[in-house]
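[1] Sequence and computational prediction follow.
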Amino acid sequence: MKPASISGTPFKALTALALVLAATSAFAQQGYPDRAITMVVPYPPGGTTDIIARTLAHAMETELKQTIVAENRAGAGGNIGMGHLAQAKPDGYTIGVGTIGTQTINQFLYTNMAFNPESDFAPIALVGTTPNVIAVNAQSKIHTVKDLIEAAKAQKEKPLSYGTPGIGSSVHLTGAYFEQAAGVKLLHVPFKGVSGSMPALIGGQIDILMDNLPSTLSQIKDGSKVRGIAVTSAERAPSLPDLPTVAESGLPGFDVTAWFALYAPKNTPQDRVDRLIEAARSALASEKLITTFATSSLEPGTLFGSDLASFETKERTRWQALIKSHGIQAQ
C-alpha cells in the first residue's frame with residue numbers, strides 16, 4: 001500500500017481537525033467570563049480584607065469586562081469563607097481573597113479545617129501587603145511602645161487586654177510576637193473583625209487595639225478617639241510618616257507585615273486561571289489601584305501563580321515556629 005502523501009486526504013483531515021480545535025480553544029478563551037464572577041471575602045465588611053477585595057474586584061472588572069461581586073462569608077478566622085471557596089465549582093466563576101491567616105497560620109491552630117490551604121486552591125496573585133498597627137484610646141496614658149511595655153509589666157495581676165479581628169489572624173500573631181519580644185504578658189481578646197474591636201477600644205472595654213493598618217487608618221488620622229502607637233513593619237508607613245515602627249521604639253528587628261492573595265478552587269481550568277492571573281496583574285499595575293492602595297498604606301503585590309505558592313511555603317515555616325513556641329490554639 002502506498003503511504004499517504006503530505007497533500008493527501010489524511011493530512012487534510014488532521015489539518016482541519018487542528019484548525020477546529022484551535023478555533024474552539026480560542027472561542028473558549030474569548031468566552032470566559034461571559035457572566036458575573038463571585039469574589040468570596042472570608043471576613044466581615046469594612047475590614048482590611050474587604051477593602052482590598054472590593055478595590056481589586058473593581059480594577060479587574062475593567063480587564064475581564066464582567067462584574068465581580070464581593071460576597072462576605074465571615075467566621076472561624078476566615079475558615080468559613082475559604083472552606084466555601086474550596087468547595088465551589090472550579091469553573092473560574094468563584095474566586096476568593098485569602099490572607100496570611102487563612103493560608104499560612106490557621107492550619108497550625110485549628111484541628112478541623114474544611115480545606116487544605118496548600119492543595120485546595122489555585123494561587124492567582126499576591127494582591128497586597130500592609131503593616132499592622134498598635135493603637136490605644138485617645139484618652140489612654142499610653143503614648144509610646146515604651147509606655148505600653150512599662151504598663152504591661154506593672155499590671156501582671158491584671159494583664160492589659162488587646163483586641164484583634166480574631167484568633168489566628170496576623171494581628172493575633174503580632175500580639176504574640178510582641179509579648180515574646182518585649183517580655184510581657186497581655187490578654188488577647190478576639191473579635192469578629194474591626195467592626196467589633198474598634199468600638200470596644202473607643203468604649204474602654206479593651207486597653208489596646210492591634211489591627212491591619214488600612215481598617216484603622218481613618219480613626220488614627222482623625223485622632224479624636226484613637227491614637228496610634230506604632231506600626232509593625234520594618235519601615236514607617238507612608239500614610240502615617242510620624243508614627244514610629246515598633247523596631248525603632250525599642251524592639252530592634254521587629255517586623256510583621258500582613259498580606260492578602262487571590263485564589264480559585266483547585267482544578268479550575270488552567271486557561272481560566274491564566275486569564276485571572278493576567279487580569280490581576282493588569283489590575284495591580286493600574287494607576288488607579290496603586291493610588292487607592294497608597295492612601296490606605298497598602299503595597300500592591302508582585303507574585304503570581306507558582307511564585308505565590310513558593311512564598312506561602314516560606315511563610316508557613318515562619319508562623320508554625322511561633323505558634324508552637326507559644327502554644328497558641330484556637331478557642
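    Arrived safely.

[2] all helices of the protein, in order?
    9-31, 48-64, 79-87, 100-104, 145-154, 170-182, 194-202, 213-222, 270-284, 287-295, 306-326 (DSSP state H).

[3] Show me the one of the ones you listed that comes nearest Leu251.
    helix 170-182 (4.7 Å; CB to CB). From N, CA and C alone the C-beta is placed, and that goes for glycine too.

[4] So which bits of the closest one are buried?
    Ser170, Val171, His172, Leu173, Thr174, Gly175, Ala176, Tyr177, Phe178, Glu179, Ala181, Ala182 (16 or more other CB atoms under 10 Å).

[5] And for stretch 73-86?
    73-74, 76-86.

[6] returning to that earlier point: would a markdown table of the helices of the chain with mean pLDDT and distance to Ser249 be doable?
    A markdown table is the format used below for those (pLDDT from 0 to 100; distance: least, CB to CB, whole Å):
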| stretch | mean pLDDT | distance to Ser249 |
| --- | --- | --- |
| helix 9-31 | 49 | 52 |
| helix 48-64 | 95 | 22 |
| helix 79-87 | 97 | 33 |
| helix 100-104 | 93 | 23 |
| helix 145-154 | 97 | 4 |
| helix 170-182 | 89 | 10 |
| helix 194-202 | 93 | 20 |
| helix 213-222 | 93 | 16 |
| helix 270-284 | 98 | 32 |
| helix 287-295 | 93 | 24 |
| helix 306-326 | 90 | 20 |
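
[7] Format these as TSV; extra columns: distance to Glu118.
    Shown next, in TSV, are these (distance: least, CB to CB, whole Å):
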stretch	distance to Glu118
helix 9-31	29
helix 48-64	20
helix 79-87	12
helix 100-104	9
helix 145-154	35
helix 170-182	18
helix 194-202	28
helix 213-222	27
helix 270-284	17
helix 287-295	27
helix 306-326	8
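
[8] mind listing what the residue lying closest to Pro44 once chain neighbours are set aside touches?
    In space, Pro44 comes closest to Gly193 once its chain neighbours are excluded; the distance is 3.7 Å by CB to CB, 6 or more residues apart in numbering. Contact analysis of Gly193 by CB atoms under 8 Å, 6 or more residues apart in numbering lists Tyr43, Pro44, Gly46, Gly47, Ala74, Pro165, Gly166.

[9] Could you pick out the buried ones from those residues?
    Tyr43, Pro44, Gly47, Ala74, Pro165, Gly166.

[10] of these, the lowest pLDDT goes to which?
    Lowest pLDDT among the buried ones among the contacts of Gly193: Gly166, with 78.

[11] wouldn't it be in contact with Gly175 here?
    No: at 11.7 Å, Gly166 and Gly175 do not qualify as touching, with contact defined as CB atoms under 8 Å.

[12] picking that back up, let me know the closest of the contacts of Gly193 to Pro199.
    Gly46 (11.7 Å).

[13] Enumerate the beta-bridge partners assigned to Ala264.
    Ala122 (DSSP bridges).

[14] what's near enough to touch it?
    Contacts of Ala264 by CB under 8 Å, 6+ apart are Pro90, Gly92, Thr94, Ile95, Gly96, Phe121, Ala122, Ile124, Arg272, Val273, Leu276.

[15] Kindly report the same for Ile105.
    Here Ile105 is in contact with Gly168, Ser169, Ser170, Leu173, Trp319, Ile323 (CB under 8 Å, 6+ apart).

[16] Turn those residues into a markdown table, including distance to Lys221.
    Formatted as a markdown table, the contacts of Ile105 follow (distance: CB to CB, whole Å):
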| residue | distance to Lys221 |
| --- | --- |
| Gly168 | 28 |
| Ser169 | 23 |
| Ser170 | 22 |
| Leu173 | 26 |
| Trp319 | 30 |
| Ile323 | 33 |
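
[17] between the residues you listed, which is nearest Met60?
    After measuring the contacts of Ile105 against Met60 - CB to CB - the closest member comes out as Ser170, at 24.0 Å.

[18] Just to check, the closest one is in contact with Val133?
    No: the pair formed by Ser170 and Val133 falls short of the contact definition of CB under 8 Å, at 11.8 Å.

[19] Need the overlap of contacts for these two.
    Joint contacts of Ser170 and Val133 (CB under 8 Å, 6+ apart) are Asn212.

[20] mind checking how far stretch 312-323 is from the chain centre?
    On the basis of CA atoms, centre = their mean, to the nearest Å, stretch 312-323 sits 15 Å off its chain's mean C-alpha point.

[21] cool, and stretch 266-286?
    Using CA atoms, centre = their mean, the offset of stretch 266-286 from its chain centre is 17 Å.

[22] Surely Ala182 and Ala152 touch.
    Yes: using CB under 8 Å, Ala182 is in contact with Ala152, at 7.2 Å.

[23] No further queries at this time; thank you.
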